[in-house]
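Trainee: okay, sequence plus prediction incoming.
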There are 2 protein chains.
Amino acid sequence: MTKEKHLYSRHSKFLVALDCIIFGFDTHELKLLCIKRDFEPEKGKWSLMGGFLREGEAIDQAADRVLRELTGLEDIYLEQLQAYGETGRDSAGRVISIAYYALINSVKFDKSISDTYSASWFSMHQLPDLIFDHHAMVDKALRRLRRRCKTQPVGFELLPEKFTLPQLQTLYEKIFDTGFDKRNFRRKILEPGVLVKLDEKDMEGSRKGAFLYKFDKQRYDELTNEGFNFQI
Amino acid sequence: MTKEKHLYSRHSKFLVALDCIIFGFDTHELKLLCIKRDFEPEKGKWSLMGGFLREGEAIDQAADRVLRELTGLEDIYLEQLQAYGETGRDSAGRVISIAYYALINSVKFDKSISDTYSASWFSMHQLPDLIFDHHAMVDKALRRLRRRCKTQPVGFELLPEKFTLPQLQTLYEKIFDTGFDKRNFRRKILEPGVLVKLDEKDMEGSRKGAFLYKFDKQRYDELTNEGFNFQI
DNA sequence: TCAAAAGTGTTGTTGATACACCCATGA
DNA sequence: TCATGGGTGTATCAACAACACTTTTGA
């Protein structure tokens, strides 16, 4: 008999699931990665990527595993939103679900893996119907993402390592679903000095070309230790 | 055989606990309600009030029940923080814990009930050692409380229905662990017009006496519908 | 009459917003 | 040469912070 059984055995146990709200950005749109469920219940309907917690696995690890199973990606920004535990939330039985949101650079991710799950990207403005309480999770994730983007340099997670300021501005505009003044945006984002301008231009987006920048994580950490707070 | 067993039976089940971070305010201090555990493991140590999720119970309901068991209070402000699920977090076995924080007016609560749990209030500056990851939960709860207080009128939950502006200011100062300018504070808090001044004074705190105010929830809801956002 | 807390407006500073033109390039 | 998106500085306005004296009352 295990210690656990001895002490807590009179209490009920529950299935614990992880659901991932996966955001991506492809130069013009903020997108959400959804999968077509290939198992019951709700087989064939659109859903967030999810999975069940396993013995001996921390919940953060489990979310990471679920994300990796779908995208093939490691070292992804992943943050817990909250637990969802209404009794009727899963039509097939009692499941406590812990929602996480992830930010991925959609260029990187492994299309072949996601094909096996019938995954596809949807614009945040044209989401499909999602099962259970997944819409509520997505709403909450978007609000959280906006809050994080205001005070932490997480937007960069959605872009390639090298990016242009117009790209970055477009990203922020899509996340906040609004427009920003170009000069004010550049001033604010450059002012703390955590973006380093490279001697390279991206010539894709325009004739003139736009300088590439890189996020200087080391510099950011230094400043943060000195009490600096990122703000956009 | 239930539908649940049929569909999800190959997955593991887990104990799910609820832990409540209970904040109170007693005119001079922001306080935390802790209990001395009367069961193993960690019997005799200080802990947050907690309990296990039951079959057929939504997690929010369960948190509410746990809170009521300790305080005897209904209709308490209660908000989920997040789930904690490290594998070794509970020394007696694998338990997923969902943390909630509550705001109660510490005058109201039923001392006799809490005595049966050996509960007591601790100043946020002199917290006892707490078991497991409860300190991390408290830290997170305090940060969340500060954020909520900045943009939602939740501070009033910690005060009696009628309160004075000096009391309210002290509350905010204790929550944010800082001092505010009296005139600026009064201007900001009164400006939106969601506090109604009563024709009564509280004579406890001073010779002169301070006017009592009441939070006008109906007015607040009206303004909120018109797009108003509370800000302090 | 005095000690102790309540109550009240104005000014300076700082951060946010609005705004228009020149530049570099490929077609 | 022209169409397209990239890059730059200043002036105005609003929000925030700093600040000191009068009032009321009970002891």
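Mentor: Right, received. Where do you want to start?
Trainee: so what's the residue count around the residue lying closest to A:F176 once chain neighbours are set aside?
Mentor: Spatially, and ignoring its direct neighbours in sequence, A:F176 is nearest to A:R146 (6.1 Å; C-beta to C-beta, 6 or more residues apart in numbering or on different chains). Where you see a C-beta, it was placed from the backbone N, CA and C, and this is true even at glycine. Residues lying near A:R146 (other C-beta atoms under 10 Å in any protein chain shown) number 13.
Trainee: which strands and helices sit next to whichever strand or helix holds A:R146?
Mentor: Assessed by DSSP states H and E, A:R146 sits inside helix A:134-151. The helices and strands touching helix A:134-151, judged by 3 or more C-beta pairs under 8 Å, 6 or more residues apart in numbering or on different chains; DSSP states H and E, are strand A:13-25, strand A:77-84, strand A:95-105, helix A:165-176.
Trainee: go through those and name the closest to A:H134.
Mentor: Proximity of the helices and strands packed on helix A:134-151 to A:H134 was assessed by C-beta to C-beta; the nearest stretch is strand A:13-25, lying at 6.8 Å.
Trainee: wouldn't A:A92 be in contact with A:E40 here?
Mentor: Yes: with contact defined as C-beta atoms under 8 Å, A:A92 reaches A:E40; the gap is 7.0 Å.
Trainee: are there residues contacting both of the two? Which ones?
Mentor: Counting by C-beta atoms under 8 Å, 6 or more residues apart in numbering or on different chains, the common neighbours of A:A92 and A:E40 are B:L7.
Trainee: beta partners for the residue nearest to the spatial centre of chain A?
Mentor: Against the mean C-alpha coordinate of chain A, by C-alpha atoms, centre = their mean, the closest residue is A:A102 at 2.1 Å. Here A:A102 sits in beta bridges with A:I22, A:L78, going by DSSP bridges.
Trainee: about what we covered before: the helix holding A:R146 versus helix B:134-151: what angle between them?
Mentor: Orientation check (axes from the mean of the first three to the mean of the last three C-alpha atoms, to 10 degrees): helix A:134-151 against helix B:134-151 gives 80 degrees.
Trainee: mind listing what's buried in helix A:134-151?
Mentor: For helix A:134-151, a neighbour-count test (16 or more other C-beta atoms under 10 Å in any protein chain shown) marks A:H134, A:M137, A:V138, A:K140, A:A141, A:L142, A:R144, A:L145, A:R148, A:C149 as buried.
Trainee: need these in a markdown table (columns: pLDDT and distance to DNA strand D).
Mentor: As requested, those are exported to a markdown table (pLDDT from 0 to 100; distance: C-beta to the nearest atom of the strand, whole Å):
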| residue | pLDDT | distance to DNA strand D |
| --- | --- | --- |
| A:H134 | 98 | 35 |
| A:M137 | 98 | 32 |
| A:V138 | 98 | 30 |
| A:K140 | 98 | 26 |
| A:A141 | 98 | 27 |
| A:L142 | 98 | 25 |
| A:R144 | 98 | 23 |
| A:L145 | 98 | 23 |
| A:R148 | 96 | 21 |
| A:C149 | 96 | 20 |
